[in-house]
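[1] I'll drop the sequence and a predicted model, then ask my questions.
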Amino acid sequence: MTDTLHLLHLPFDLEELGRWAGRRGLMSKGSFDEGFALHKLLAESFGPGVLQPFRLMPAPGGKSGTLYAYTASPADALRELAEAVAAPEHLDVVDLGRLRTKPMPQDWPQDRRLGFDIRIRPVRRSDREGDRNRTVERDAFLHEALSLPKGGMEEGGRTREAVYGEWLAAQLSRHGGARLVAPPRLASFRRQRSIRSDGHRGPEGPDAVMRGDLVITAASAFNKLLARGIGRHRAYGYGMILLRPPNGGAVTK
């Protein structure tokens, strides 16, 4: 294992993943949380947190998909570990022969502009009835709406895209390494019921994909940001920063 960050690519048969999750009792009342199933499968095959953050990109039709993840381990080391420790039924789902990685750059130029694509769960936590031992996790958009008088969001022109964009900018400011060039675009949104703790239904919340451009402000901090991811629920498929060409392909630096 080295300090170099690697980007992993692993094709997945989503129907096989669903059958594996069903046999393991990871579904609840017919609900299937792919992020939770992958969290369990990857942890048992490669070790907890070894492939994290990750992002599953389903193909059209939903029968197959591609898993991307950041990891400190290269492909050969990951295959060797999984061949040694993964259960046979896990290898029915994880095709180690198609696993590959590439090392990520480490010496990013200052002010380098890049595009990004990120799946996030933009939530804020607050105390329930003033009790710090009882916190509630709430959609950042709903959180702001409840803090304003009725109609305040409409009067202030506050959109879901604007609220999530500011949430993302605050996360980058908090962790350092990059800043947004402009407010990002909300590419997709849905509400998602999560499953946690082996088949028990978890909180329902926002599931959003945002795209835009960022500027690297410090190479070391940016590498840590890629490895860490952004926001909560990073262990379940949220928060991975996938890099893209900037602004439709125009390289500015």
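    Good, I have the coordinates.
[2] Can you tell me how far residue 33 is from residue 164?
    Residue 33 sits 21 Å away from residue 164, going by C-beta to C-beta, to the nearest Å. (Glycine included, C-beta is placed from N, CA and C.)
[3] Then residue 4?
    Residue 4 sits 32 Å away from residue 164, going by C-beta to C-beta.
[4] More neighbours: the two, which one.
    residue 164 (22 against 15; other C-beta atoms under 10 Å).
[5] Residue 36 is in what secondary structure piece?
    helix 34-46 (DSSP states H and E).
[6] What residues of that helix count as buried?
    Using 16 or more other C-beta atoms under 10 Å as the test for burial, helix 34-46 gives 34, 35, 36, 37, 38, 39, 40, 41, 42, 44, 45, 46.
[7] Same question for stretch 65-77.
    65, 67, 68, 69, 70, 71, 73, 74, 75, 77.
[8] Also stretch 87-103?
    By neighbour count on 16+ other C-beta under 10 Å, the buried set for stretch 87-103 is 90, 93, 94, 96, 99, 101.
[9] Check stretch 153-170 too.
    For stretch 153-170, burial by neighbour count (16+ other C-beta under 10 Å) applies to 153, 158, 160, 161, 162, 163, 164, 165, 166, 167, 168, 169.
[10] how does the protein divide into domains?
    Listed by the TED database, the domain ranges of the chain are 6-103, 112-244.
[11] tell me how far the ends of the longest one are from each other?
    One end of domain 112-244 sits 12 Å from the other (C-alpha to C-alpha, to the nearest Å).
[12] Kindly provide the whole-number mean pLDDT of that domain.
    The predicted model assigns domain 112-244 a mean pLDDT of 92.
[13] chain center to it, what's the gap?
    Offset of domain 112-244 from its chain centre (C-alpha atoms, centre = their mean, to the nearest Å): 10 Å.
[14] returning to that earlier point: let me have the buried residues of stretch 153-170 in JSON lines, extended by distance to residue 113 and secondary structure.
    What follows is those, written out as JSON lines (distance: C-beta to C-beta, whole Å; DSSP: H, G, I helix; E, B strand; the rest coil):
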{"residue": "153", "distance to residue 113": "32", "secondary structure": "helix"}
{"residue": "158", "distance to residue 113": "28", "secondary structure": "coil"}
{"residue": "160", "distance to residue 113": "26", "secondary structure": "helix"}
{"residue": "161", "distance to residue 113": "21", "secondary structure": "helix"}
{"residue": "162", "distance to residue 113": "22", "secondary structure": "helix"}
{"residue": "163", "distance to residue 113": "24", "secondary structure": "helix"}
{"residue": "164", "distance to residue 113": "21", "secondary structure": "helix"}
{"residue": "165", "distance to residue 113": "17", "secondary structure": "helix"}
{"residue": "166", "distance to residue 113": "20", "secondary structure": "helix"}
{"residue": "167", "distance to residue 113": "22", "secondary structure": "helix"}
{"residue": "168", "distance to residue 113": "16", "secondary structure": "helix"}
{"residue": "169", "distance to residue 113": "16", "secondary structure": "helix"}
